[in-house]
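Colleague: got a structure for you, letters missing:
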């Protein structure tokens, strides 16, 4: 039998590091200076720019077989990428619920990238920093010091984790091996619940139709009487209620469900009580808004996003779980190649991969830790209070106008309004015009069957002058 040919190494092994670090260092300094200038001058730039077709077409090129010099790539970035991003760092971006980011978090992204830590497990400082962030989040909301949790991409994944924990609470470990096994589980949330909650039931194999959407009361909160009636109807039909989802900061108008009442009902019925507080959780840091969250401290789990009101750069979602044993039971797996140890790098149990769906996880905790450490909870609370005050100012401008009208109460930081006499099509065109002109970026939503202009004041850079300018520009254009 012929021998296999020997593998010969005729030169240095291939590496992606530069031969001379000085050129990369200089380019890095240029990038940093440019990005700091970008943030410092953000208010003078267009909020958003439509992408030219030639630029869009450039991103259909085939896979490059040979590399290009980093300086040339940076020039391509400046020309074809930087001008056409979403624009949510701009103070006049008021669409959806997008945080504005902050410069300390931007720098933390650089540090995390250099470390390139895999925070799925093992015993290293990235895991310890994340646990510190989870402890701070639990403290912020009044949850026990023993609360567990994870940083995730956003509240979509956080709500998914919570649904699986609720399933474990109701069915036990058999749910992981045999599925529902004939159980007819039903969950409950208001009609204002975020789309990711029915999506979570879908992904969990429970079926989105098994989320009962409960009508709202006059304050855009879940109607507790209607919730009780829906649960009674399901029980009579042989279903098993297992989960109540309270909303803390609804997407449309920023309403808060009565979390204390929902918590009491969940406890009485032995249901899992979860709160989707994607952006509303940060209200806990503002004395003026904190009472809206009364009852969240009783939650079995909470979903929140640090990349919204806390202004951390995307993405930085979080799930908190009152009972760590249930979270670990919902996700842990035993494998020889990921076996933990009592000492060495394989120590540090439980690993994050045993508390959620991801094994490969970046060091996103660093930017959250640096943001909270650099600014402090009180400053972030002032951002919450200030953005709510700016929203109240815009609401007052609208109420004082004979051409504009409020379409929902403004109890937080979201203002839904319309132009008197405008059709939905006219409203849609007006919002698109403001966006395409680069002047403002509000979004739209449906309020009581009517398309509303929706201004969500989330960015810490947005001032009363910005919302005055929005009202003035709308009045000028109509």
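Modeller: Received the coordinates, thanks. Everything numeric in this text was worked out from a predicted model, so none of it was measured. Numbering: from 1, shown residues only.
Colleague: contacts, neighbours, all on C-alpha from now
Modeller: OK.
Colleague: Contacts for stretch 186-203 next, please.
Modeller: With Cα atoms under 8 Å, 6 or more residues apart in numbering as the test, stretch 186-203 has contacts from 155-157, 159-160, 163, 207-216, 220-223, 227, 234, 239-247, 250-252.
Colleague: What residues of that stretch count as buried?
Modeller: Using 16 or more other Cα atoms under 10 Å as the test for burial, stretch 186-203 gives 186-194, 196-202.
Colleague: from those residues, which is closest to residue 27?
Modeller: Nearest to residue 27 among the buried residues of stretch 186-203 is residue 196, at 40.4 Å by Cα to Cα.
Colleague: Quick check: pLDDT value at the closest one.
Modeller: What the model reports for residue 196 is a pLDDT of 95.
Colleague: same question, residue 237
Modeller: Residue 237 is assigned 97 on the pLDDT scale.
Colleague: cool, and residue 3?
Modeller: Looking at residue 3, the pLDDT reads 58.
Colleague: Could you do residue 11 as well?
Modeller: For residue 11, pLDDT reads 56.
Colleague: the helices in this structure, which residues?
Modeller: With helices called from DSSP state H, the chain shows them at 21-40, 53-58, 70-80, 103-115, 125-141, 155-171, 174-178, 196-203, 224-236, 259-269, 324-331, 365-399, 424-436, 464-477.
Colleague: Of all those, which one is nearest residue 306?
Modeller: Of all these, helix 365-399 comes closest under Cα to Cα, at 7.1 Å.
Colleague: Between helix 125-141 and the closest one, find me the angle.
Modeller: Angle between the axes of helix 365-399 and helix 125-141 is 30 degrees (criterion: axes from the mean of the first three to the mean of the last three Cα atoms, to 10 degrees).
Colleague: taking the contacts of stretch 186-203 one by one, which sit in strands?
Modeller: Taking DSSP state E, the ones among the contacts of stretch 186-203 that sit in strands are 211-214, 240-247.
Colleague: For those, which two are the farthest from each other?
Modeller: Greatest spatial distance among the ones in strands among the contacts of stretch 186-203 (Cα to Cα): 240 and 247, at 21.6 Å.
Colleague: Mind checking which of the two has more residues around it?
Modeller: Using other Cα atoms under 10 Å as the criterion, residue 240 and residue 247 rank with residue 247 on top: 29 against 17.
Colleague: who's in contact with the more buried one?
Modeller: 189-190, 192-193, 255-257, 275-277.
Colleague: Could you measure from the residue nearest to it when sequence neighbours are not counted over to residue 386?
Modeller: The shortest distance from residue 247 to any non-neighbouring residue, by Cα to Cα, 6 or more residues apart in numbering, is to residue 276 (5.0 Å). Per Cα to Cα, to the nearest Å, residue 276 is found 23 Å from residue 386.
Colleague: do the same with residue 312
Modeller: Where residue 386 is concerned, residue 312 sits at a distance of 17 Å (Cα to Cα).
Colleague: Check residue 199 too.
Modeller: 33 Å.
Colleague: which residues sit against the helix or strand bottoming out on mean pLDDT in the chain?
Modeller: Lowest mean confidence among the helices and strands of the chain (mean pLDDT, DSSP states H and E): helix 174-178, at a mean of 93. The contact list for helix 174-178, computed with Cα under 8 Å, 6+ apart, reads 167-168, 181, 330.
Colleague: end to end, how far does stretch 164-180 reach?
Modeller: 12 Å.
Colleague: Over to stretch 219-229?
Modeller: OK, stretch 219-229 end separation, Cα to Cα: 19 Å.
Colleague: tell me which residues in that stretch are buried?
Modeller: Buried residues in stretch 219-229, counted by 16+ other Cα under 10 Å: 220-224, 226-227.
Colleague: now that stretch: mean pLDDT?
Modeller: Stretch 219-229 comes out at a mean pLDDT of 96.
Colleague: and that stretch, how far from the chain's centre?
Modeller: 26 Å (Cα atoms, centre = their mean, to the nearest Å).
Colleague: now swap in stretch 355-373 and tell me
Modeller: 13 Å.
Colleague: If we go by neighbour counts, what in it is buried?
Modeller: Quick answer for stretch 355-373 (16+ other Cα under 10 Å): 355-357, 361-372.
Colleague: swap in stretch 463-476?
Modeller: Quick answer for stretch 463-476 (16+ other Cα under 10 Å): 463-464, 466-467, 469-471.
Colleague: For stretch 90-109, measure first residue to last.
Modeller: 20 Å.
Colleague: Likewise for stretch 173-189?
Modeller: 25 Å.
Colleague: So for it, what gets flagged as buried?
Modeller: For stretch 173-189, by 16+ other Cα under 10 Å, it's 175, 184-189.
Colleague: okay, and for the stretch 101-250 of the chain, where does confidence drop off?
Modeller: Counting by pLDDT under 70, the stretch 101-250 of the chain contains no low-confidence segment.
Colleague: switch the cut-off to 90
Modeller: 181 (pLDDT under 90).
Colleague: which parts of stretch 146-153 are buried?
Modeller: 147-153.
Colleague: try stretch 246-266
Modeller: 246-260, 262-263, 265-266.
Colleague: how far does it stretch from start to finish?
Modeller: End residues of stretch 246-266 are separated by 11 Å (Cα to Cα).
Colleague: quick one, what contacts residue 183?
Modeller: Counting by Cα under 8 Å, 6+ apart, the residues that residue 183 touches are 239-240.
Colleague: Pop out the phi and psi values for it.
Modeller: phi -70, psi 140 (degrees, to the nearest 10).
Colleague: Now do it against residue 205, distance only.
Modeller: Taking Cα to Cα, one finds residue 183 at 12 Å from residue 205.
Colleague: One more: residue 193?
Modeller: For residue 193, the distance to residue 205 - Cα to Cα - is 19 Å.
Colleague: buried residues in stretch 288-302?
Modeller: Those would be 289-290, 292-302, for stretch 288-302 by 16+ other Cα under 10 Å.
Colleague: meant to ask about stretch 455-464, not that
Modeller: 455-464.
Colleague: now stretch 318-337
Modeller: 318-324, 326-332.
Colleague: I would like the residues contacting it, please.
Modeller: The contact list for stretch 318-337 (Cα under 8 Å, 6+ apart) reads 134, 137-138, 143-144, 146-155, 158-159, 161-162, 164-165, 168-169, 173, 176, 299-306, 350, 353-357.
Colleague: at 6 Å what do you get?
Modeller: 147-152, 158, 165, 300-305, 354-356 (Cα atoms under 6 Å, 6 or more residues apart in numbering).
Colleague: List the residues that contact residue 413.
Modeller: Applying Cα under 6 Å, 6+ apart, the residues near residue 413 are 388, 391, 456-457.
Colleague: Out of those, name the two that are farthest from one another.
Modeller: Once Cα to Cα is applied, these give 388 and 456 as the farthest pair, at 9.5 Å.
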